[in-house]
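[1] the following block contains a protein sequence and its predicted model.
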Amino acid sequence: MSRWKTADSYGARHDTPSFGPHVAVAVLAIAAAAPGIAVLWLMPAPVILPAFGLAFLAAAGSLGLLAWRLGLKRRTEHINLWDVAGACAFIGFAAGIISQPEQVLQLFGYGTTAP
């Protein structure tokens, strides 16, 4: 009879997955992104890309300072705060490269006037 025992033969646990921490992180991310999306929605179209680049560069700097202050290791097996800061920096620099100089001037209030 013991040969036919199939339940839990290797000591594996069969628990249902818990999405509690993942849902909390998703809700916090959406709550943090909502004001930024609202600002981008209200901005004029030509200045969105430079503002996007500036926001991501500021986020990269903030995340880098936070990772440095927390003393996190830079080389790990998984994605950490340093990697997220680097990704934000890449996105910010890419948005800055794509935007035009006139758009950056308009963002800071030095718009060109047409004759």
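    Here it is on my side, so go on.
[2] can you give me the helices in this protein?
    Counting by DSSP state H, the chain has helices at residues 20-42, 48-70, 81-98, 101-107.
[3] so how far is the first one from its chain's centroid?
    When you say that, I think you mean helix 20-42. 10 Å (C-alpha atoms, centre = their mean, to the nearest Å).
[4] same check, this time on the shortest one
    Here the centre of mass of C-alpha atoms in helix 101-107, compared against the chain's by C-alpha atoms, centre = their mean, lies 25 Å away.
[5] one more: the third one?
    For helix 81-98, the distance from its own C-alpha centre to the chain's C-alpha centre is 9 Å (C-alpha atoms, centre = their mean).
[6] what's the angle from it to helix 48-70?
    For helix 81-98 against helix 48-70, the angle by axes from the mean of the first three to the mean of the last three C-alpha atoms, to 10 degrees is 160 degrees.
[7] buried sites along helix 81-98?
    Neighbour-count burial for helix 81-98 flags Trp82, Val84, Ala85, Cys88, Ala89, Ile91, Gly92, Ala95, Gly96 (criterion: 16 or more other C-beta atoms under 10 Å). (C-beta placed from N, C-alpha, C; glycine too.)
[8] now the helices of the chain in a markdown table, with mean pLDDT?
    Compiled in a markdown table, these are given as follows (pLDDT from 0 to 100):
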| stretch | mean pLDDT |
| --- | --- |
| helix 20-42 | 78 |
| helix 48-70 | 90 |
| helix 81-98 | 92 |
| helix 101-107 | 86 |
